[in-house]
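1. below are the sequence and a predicted model; questions follow.
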Amino acid sequence: MKEICIDTGVLSIFFSKNPTTQVRALMKEILQKKINVYLPKPVLIESFFHLCKINGKEIAKITLLSFLEKYPLNLVEFDNNLIIQAGQIKCQHHNTLSYIDCMGIAIALNKNIPFHTTELNLKKIPHNLLNRLKIVKYSF
């Protein structure tokens, strides 16, 4: 089975009023268990925040809880190795990458799986660690 790690941007597109064809197709494959998804738990916090800002607290709660109930996800707990790896990435790229991006990148690198993101400049960051990162980009 194909494995991926997704970031908040992909979920933001999915939760939007008009999700893109690319994201709808991805989510359909996840729902059909054709793709195994790894998701850092803080992505859900950030997704809730964005939903809450746009639609209010109650809609955000309903949307996120329904999503968690419906979609098969591997919510990632950070062990010492992932904490150090994500921290090192943040330390090296503190002006460019968010904490959540660093967490997703650490998971993707650790599992050697693609990182599905809306971040446009990841490959422009000069560092050999990120050169190993497989990136699938999405646009709003």
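-> In hand now; what should we look at?
2. helices along the chain, start to end?
-> Residue ranges of the helices in the chain, as given by DSSP state H, are 8-15, 21-31, 41-55, 57-70, 80-92, 99-111, 128-131.
3. how about CSV for those helices, with mean pLDDT, mean neighbour count and distance to residue 117 added?
-> Using the backbone N, CA and C atoms, a C-beta is placed for each residue, glycine as well. Compiled in CSV, the helices of the chain are given as follows (pLDDT from 0 to 100; neighbours: other C-beta atoms under 10 Å; distance: least, C-beta to C-beta, whole Å):
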stretch, mean pLDDT, mean neighbour count, distance to residue 117
helix 8-15, 96, 23, 6
helix 21-31, 97, 15, 12
helix 41-55, 96, 16, 11
helix 57-70, 97, 13, 18
helix 80-92, 95, 15, 14
helix 99-111, 95, 22, 7
helix 128-131, 70, 12, 12
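4. which one of these lies closest to residue 122?
-> With C-beta to C-beta, the closest approach to residue 122 among those belongs to helix 128-131: 6.5 Å.
5. still on that earlier bit, including distance to residue 121, could the helices of the chain go into TSV?
-> Written out in TSV, the entries for the helices of the chain read as follows (distance: least, C-beta to C-beta, whole Å):
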stretch	distance to residue 121
helix 8-15	13
helix 21-31	19
helix 41-55	19
helix 57-70	28
helix 80-92	14
helix 99-111	11
helix 128-131	11
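6. residue 140: which of those helices is closest?
-> With respect to residue 140, and counting by C-beta to C-beta, the nearest of the helices of the chain is helix 8-15 at 6.0 Å.
7. so which elements touch that closest one?
-> Contacts defined by 3 or more C-beta pairs under 8 Å, 6 or more residues apart in numbering; DSSP states H and E place helix 8-15 against helix 21-31, helix 41-55, helix 57-70, strand 115-117.
8. distance to residue 95 added to those, as JSON lines?
-> Shown next, in JSON lines, are these (distance: least, C-beta to C-beta, whole Å):
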{"stretch": "helix 21-31", "distance to residue 95": "28"}
{"stretch": "helix 41-55", "distance to residue 95": "19"}
{"stretch": "helix 57-70", "distance to residue 95": "30"}
{"stretch": "strand 115-117", "distance to residue 95": "18"}
